[in-house]
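# give me coordinates for this.
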Amino acid sequence: MRYYTALTIAGSDSCGGAGIQADIKTMSALGVYAASAITAITVQNTTGVFDIQKIEPHIVSGQIKAVMDDIHPDAIKIGMVNDAETIHAIAETLKEYAPSTHSPSKDSKLQHPFHLTIDPVMVSTSGCRLMQADALDFFIKELLPLATLLTPNIPEAEILAGMKIQNVNDIRLAATRIIQLGCDNVLIKGGHFDGEEKTDFLFEKNDFEKNDFKNTADCLCEEREGTTYLETKYKGETVHTRNTHGTGCTLSSAITSFLARGSKMENAIASAKKYLSDAIYAGKNVEIGKGHGPVNHFHAPLKLLMTEE
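Purely as a prediction, here's the structure:
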């Protein structure tokens, strides 16, 4: 018997609303034991990011190895990675273990593969660059192909796909381009679009025939450039509040938590979306700081959950 476990590899947020602090709060609230590897220390509060100090790559790698060799996490989430050296160190370290569920290594140090969710944090809400410009190429070539799931917002998807996104058709084209970079699943978050209803789009690369799948209002199967993709829509209502600091971190770590607990990808995303919406609503009127405050991660906390394995 053991706890469901997850590892977050991300930067530290001194005000506690985003980054590794948000990840640990989310995983803990969802009943998952959270381990961590800190990639950078940020000087920030609810009004913005003022400075960043990276952690030496060998220390980042050492943290990951210490957790992987001892705790054997069921799922991993990667958030802020600031520089090329750190990206390379993380990628090379994870390759020593089971890289992901879709590409297990025969020489893996682990007996079971794990889910790897990557939230490509590039620029903060206040406009501070969180990933150095020369690190993007390393991210795309070395880290992105290891991902079970990538969770970019619209601006991040535009950078990764090399195009502007202005409508749903643009989202579909961008997703195709991103998946062709090497990951199997991409969730493009639609929070930057105007309107009361926000829609996130999950695109999965599948090996079944298009004719084997029946399209529905929220699920569509299409063939593009010789590959079959399954598109799933996740709709949500806008909560009017300024307390949105760390929502991207919270969503990706919630998805990671549900994957660690054994949920299928589509169900993990749906459950994570509900958790985030409830967390935003529960904290929408709370005043923490002078800027964008945090969500209420502990609106319905669980005890740590255990598996019989």
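
# which non-adjacent residue is nearest F50?
Closest residue to F50 apart from its sequence neighbours, by CB to CB, 6 or more residues apart in numbering: V43 at 4.6 Å. Just so you know, the C-beta spots here come from the backbone N, C-alpha and C atoms, and that holds for glycine as well.

# would that neighbour count as being in a strand?
Yes. Applying DSSP: H, G, I helix; E, B strand; the rest coil, one finds V43 inside a strand.

# low-confidence regions, the stretch 101-250 of the chain specifically.
By pLDDT under 70, the weakly predicted segments of the stretch 101-250 of the chain are 101-113, 124-128, 192-196, 206-227.

# show me the strands in it, by range?
Along the stretch 101-250 of the chain, counting by DSSP state E, counting those that start in this stretch, strands occupy 115-118, 149-150, 185-188, 197-206, 219-224, 227-237.

# go through those strands and name the closest to V168.
strand 197-206 (7.7 Å; CB to CB).

# show me what the closest one is packed against.
Applying 3 or more CB pairs under 8 Å, 6 or more residues apart in numbering; DSSP states H and E, one finds that strand 197-206 makes contact with helix 168-179, strand 185-188, strand 227-237, helix 265-282.

# as a markdown table, these with mean neighbour count would be great.
As requested, the helices and strands packed on strand 197-206 are exported to a markdown table (neighbours: other CB atoms under 10 Å):
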| stretch | mean neighbour count |
| --- | --- |
| helix 168-179 | 19 |
| strand 185-188 | 26 |
| strand 227-237 | 16 |
| helix 265-282 | 20 |
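
# for the ones you listed, give me TSV that also has distance to A84.
Converted to TSV, these look like this (distance: least, CB to CB, whole Å):
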stretch	distance to A84
helix 168-179	20
strand 185-188	22
strand 227-237	30
helix 265-282	29
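
# coming back round to it: how close does the residue nearest to F50 sit to I20?
Distance check for V43 against I20: by CB to CB, to the nearest Å, it reads 15 Å.

# neighbour count: those two, which is higher?
I20 (27 against 14; other CB atoms under 10 Å).

# give me the nearest residue to the more buried one, chain neighbours excluded.
Closest residue to I20 apart from its sequence neighbours, by CB to CB, 6+ apart: A10 at 4.4 Å.

# so for E197, which of the helices and strands packed on strand 197-206 sits nearest?
When these are compared by CB to CB, strand 227-237 sits nearest E197, at 5.9 Å.
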